[in-house]
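[1] What would the 3D arrangement of this be:
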Amino acid sequence: MGTRSSPRKREAIRRQTLQRKVELDAERRRRDELEVEFATDFQVALVDRAAAREAERAAEVAMGGAVDRLIGQLRLSYDRVAELCQAEVKELQRLRQLAAETARPVVGRPATPASPVSPRVEGAPAGEGRGA
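    Residues are numbered from 1 along each chain as shown. From the prediction side, this is the model:
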């Protein structure tokens with residue numbers, strides 16, 4: 001191998017190296033795009049999970065309000081409501097408590113006038129019902 005072929009070999013090796021770099025850069029771009037896609041999938045699922053949790057809480061508050069009306073207005077026992085709703089007594093108690101806590105006015109905010117779990121006491125101003 002003489003010095004004459006050295007510049008040609010160098011150029012051939014340089015072209016091969018540039019080709020490898022192009023391929024590696026393309027692979028890096030594909031990986032970068034996948035990173036963004038997968039991270040986006042995670043963030044979308046995170047938002048969906050938060051919405052699902054909010055919906056679950058709203059459903060549980062509504063369920064608790066129904067339990068409160070069954071027990072408070074119709075004067076049914078927890079055992080009877082458990083039979084009707086096919087639920088455990090402890091779960092019914094938890095849901096009713098959740099509804100009661102949700103219906104309570106927050107300090108600095110006005111009370112809701114028609115709370116399903118805190119009916120107004122006759123003659124008392126709005127917001128001064130049972131549990132207020």
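[2] roughly how far apart are residue 30 and residue 44?
    21 Å (C-beta to C-beta, to the nearest Å). Backbone N, C-alpha and C define where each C-beta goes, glycine included.
[3] Tell me the span between the first and last residue of stretch 72-79.
    End-to-end distance of stretch 72-79: 14 Å, with C-alpha to C-alpha, to the nearest Å as the criterion.
[4] Low-confidence regions, this structure specifically.
    1-5, 105-132 (pLDDT under 70).
[5] So which residues of it form helices?
    Using DSSP state H, the helices of the chain run over residues 6-68, 78-85, 89-103.
[6] which of the ones you listed sits most buried?
    Greatest average neighbour count among the helices of the chain goes to helix 89-103 (a mean of 17), per mean count of other C-beta atoms under 10 Å.
[7] Could you list every helix and strand that that helix packs against?
    Using 3 or more C-beta pairs under 8 Å, 6 or more residues apart in numbering; DSSP states H and E, the elements in contact with helix 89-103 are helix 6-68, helix 78-85.
[8] now for the shortest one, which elements pack on it?
    The reference is to helix 78-85. With contacts taken as 3+ C-beta pairs under 8 Å, 6+ apart, helix 78-85 sits against helix 89-103.
[9] Just the angle for the helix it packs on relative to helix 6-68, thanks.
    Helix 89-103 and helix 6-68 are oriented at 100 degrees to each other (axes from the mean of the first three to the mean of the last three C-alpha atoms, to 10 degrees).
[10] Quick one: distance of helix 89-103 to the chain centre.
    20 Å (C-alpha atoms, centre = their mean, to the nearest Å).
[11] That one vs helix 78-85, what angle?
    90 degrees.
[12] Quick check, central residue of the chain?
    Against the mean C-alpha coordinate of the chain, by C-alpha atoms, centre = their mean, the closest residue is residue 50 at 1.5 Å.
[13] What distance do you get for that one to residue 92?
    Remark: distance between residue 50 and residue 92 (C-beta to C-beta) = 27 Å.
[14] ok, the closest residue to residue 94 other than its chain neighbours - contacts?
    Nearest residue to residue 94 in three dimensions, chain neighbours excluded: residue 64, at 8.0 Å (C-beta to C-beta, 6 or more residues apart in numbering). Going by C-beta atoms under 8 Å, 6 or more residues apart in numbering, residue 64 touches 94, 95, 96, 97, 98, 99, 100, 102, 117.
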